Each structure stands twice: as structure tokens, then as C-alpha cells.
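Q: Provide a 3D model corresponding to the input given below.
(chains A, B and C)
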Amino acid sequence: MITRFAGLTPTRSRAVVHDGLVFTVAVAPDPVTPSLYEQTVKALARIDESLALCGTDKSRILSAIVYITDMKQKGEMNRAWDEWVDPKNPPMRACIGVDLEAPHIVEIVVTAAK
Amino acid sequence: MITRFAGLTPTRSRAVVHDGLVFTVAVAPDPVTPSLYEQTVKALARIDESLALCGTDKSRILSAIVYITDMKQKGEMNRAWDEWVDPKNPPMRACIGVDLEAPHIVEIVVTAAK
Amino acid sequence: MITRFAGLTPTRSRAVVHDGLVFTVAVAPDPVTPSLYEQTVKALARIDESLALCGTDKSRILSAIVYITDMKQKGEMNRAWDEWVDPKNPPMRACIGVDLEAPHIVEIVVTAAK
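A: A predicted model of the protein is given here:
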């Protein structure tokens, strides 16, 4: 069985659950600030919300891909990550510099166990 | 058991199936047009083919990462996506601006349930 | 059950195992050479190490996303990949041009079966 949780647009889900795995993605919700630290804090809070919808939480994240638009600011993202992460249960993580749709400067894709 | 479907090059598979999960990737096949809309239509058709090879279909896609080379054209990719997606079963999706090997301007990575 | 293998930083794991799936990421370990071929060889060796820690190996890789910083050098990455890959068990693979934190010019994210 596949369970889907609606996102802002009808052609995408904010989270999908299948066979003990959760797939979710988040950007900072409106209003979007220009600070990478703040956008990361808010995107991670959104991940928390989505994981809760799916019946799980950050202690069960398996992998995270963090896309940011300016690698020179990676420290700001790391600061938000390190404050947020469950230190007893750190995910595999990659941080990749890419383009995103403005005003977003961070987007996070997470795979978690339910 | 892991089942692999051969791609154009012997060192990569176009799709891999394991324990109810399908991993597949597609670009637009030759001839490659310069239109992002058309490349996306063709890459998504290729995803359909690969999912069929694996015994599943787009209604069972869990997550999709859409890589495009020009975020300013994201609307063209979205138009193709919205026409193609199963609106009753929308995947989690992220769209990321990156470099790809020319002439490709879109590449799509999908995880689906079998 | 989720099993995590510690990485260089306490807030990330180098590999995570759950329900028959392994999630791992690697860059070339220090000292980091400026050659894409050599960094790829070393990152892939690191993937081998992580898979071994998790009780699996490259013959059971399902998907790989290879991030490189210069798509014009993709051939150098391919050369290392083709020498390394198990030709009887090729993974799904995507190669994406992105920014990475210097001096890294390649980072590889792998999902494997245990």
C-alpha cells in the first residue's frame, strides 16, 4: 500500500509512504527569508511535520540530500542541521550546490524509516 | 533477488528492482530536441517504458528527482510533468538546477514501488 | 532496526542500514588530489569500505548518484567507474554537475541491498 500526503500543488506529494519507507521533501514555507540559516531551520521544521504526518520522526531518518544554492554559505546550513539533528541517530547526508527556484536557497530530500 | 535491466552502456542499468522497489533513470532518447518541454515528455515516456519493464507503472512512483539545466525554464518541465503525472497518485518530487551532459537539459531519477 | 556507522562528523553517518537497504555516501578521503579520476577511484574505494561495514558489496548496489563539479571532465569519472563497477551487476546511475565543497570535485551517493 502506498500512502500519499498532499503538498501545495496537486501534481506532487509532500510525503509518500510505502512498505516502511517514507520519502519527503521540504523547502522553507512562506514567508521565505533570505537567510540560509533561517530557511534551513524552517525547512527542517517542515520535514519534522511531514515525518509526523507519516507516523515517524527525525530519529528514524536514513538519508538526507541537502541542496543549497551557495556552497560558500554551507556553514549556515550546517549550523541549523547540527542544532536540529538527533545526535544519537545521525542520517547519511550529502550537501550539494545547485540552482533552486527563487527565493528558495535550500531544499531537503529525506528518506526515513516509518 | 536483484533484477537489472540493461541500459545503453554496459556499466549502468536503466532500471534495477529489489524487494518491491524500482530504481530507474531517464534522459530523452535520440534524437534529442533542444526544447525542455519535449525532452521532458520523452524522458517521462522513457520512465514509463522502464517501469513497464519492471512490472509497475507511474501510479506507483514514490519519489522523483528532476534535474534541469536552466531553472528559468522550470515551467516547461512542469507543463510536461503535469500532463503526464497520475493526478490520483502524485509522487514526492524535487526539481534541481544542475549541469548535465549536452545535449541533455533534463534527467529524471525515479524510485517506484513494484 | 536501523544501524548507523559513524562518519567524520558526529551529526552525519557514513552509512545507514535498514530493512535490507544500505544508504551510503563518499568523497575522496584526505589527502585530496586535484584529479577527478583519482578522486573518483578513492571515493569508490571508500564506498567499498562502507558497503563492507554494512555486510554487502558493490555487486548489490541498486542506484548511484555521482555528483561532479565539472561536467567537461565526466570522462575521467567514467574511466574510474568503468574500472571499478561489477560489470555483471551494473547499478542504475546518474551523473550530475553541481558545486561541492572544495577541494572535493566528486561525491557519490549509493543505495544498495544488504
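Q: Kindly report the residues of chain A close to chain C.
A: A:20-21, A:60, A:62-63, A:65, A:71, A:74, A:78, A:81-82, A:85, A:87, A:89-98, A:111, A:113 (C-beta under 8 Å from any C-beta of the partner chain). Quick note: C-beta positions are derived from backbone N, CA and C, even for glycine.
Q: so which of the residues you listed are also by chain B?
A: Among these, the residues within reach of chain B (C-beta under 8 Å from any C-beta) are A:21, A:96, A:98.
Q: how deep is the first one tucked in, by neighbour count?
A: The burial metric for A:Leu21, expressed as a neighbour count using other C-beta atoms under 10 Å in any protein chain shown, is 23.
Q: who's in contact with it?
A: A:111-114, B:21, B:62, C:19, C:21 (C-beta atoms under 8 Å, 6 or more residues apart in numbering or on different chains).
Q: ditto for the second one
A: The neighbours of A:Ile96, taking C-beta under 8 Å, 6+ apart as the test, are A:65-68, B:96, C:67, C:96, C:98-100, C:107.
Q: CSV please, covering those and showing secondary structure.
A: Supplementary listing: these in CSV, determined by DSSP: H, G, I helix; E, B strand; the rest coil:
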residue, secondary structure
A:Ile65, strand
A:Val66, strand
A:Tyr67, strand
A:Ile68, strand
B:Ile96, strand
C:Tyr67, strand
C:Ile96, strand
C:Val98, coil
C:Asp99, strand
C:Leu100, coil
C:Glu107, strand
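Q: Turn the residues you listed into TSV, including distance to A:Arg14 and pLDDT.
A: Formatted as TSV, those follow (distance: C-beta to C-beta, whole Å; pLDDT from 0 to 100):
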residue	distance to A:Arg14	pLDDT
A:Ile65	16	98
A:Val66	17	98
A:Tyr67	16	98
A:Ile68	20	98
B:Ile96	17	98
C:Tyr67	25	98
C:Ile96	23	98
C:Val98	24	98
C:Asp99	27	98
C:Leu100	28	98
C:Glu107	26	98
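Q: got these as CSV, with distance to C:Glu38 columns?
A: As requested, the contacts of A:Ile96 are arranged in CSV below (distance: C-beta to C-beta, whole Å):
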residue, distance to C:Glu38
A:Ile65, 25
A:Val66, 26
A:Tyr67, 26
A:Ile68, 26
B:Ile96, 27
C:Tyr67, 17
C:Ile96, 20
C:Val98, 19
C:Asp99, 20
C:Leu100, 15
C:Glu107, 15
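Q: what distance separates the lengthiest helix in chain A from the centre of its chain?
A: Selection of the longest helix in chain A by residue count, based on DSSP state H, yields helix A:36-53. Relative to the centre of its chain, helix A:36-53 is centred 6 Å away, using C-alpha atoms, centre = their mean, to the nearest Å.
Q: Other residues contacting that helix?
A: Taking C-beta under 8 Å, 6+ apart as the rule, helix A:36-53 contacts A:5, A:14-15, A:22, A:24, A:26-29, A:32-33, A:57-58, A:60-61, A:66, A:68, A:70, A:73, A:76-77, A:79-81, A:83-84, A:104-108, A:110, A:112.
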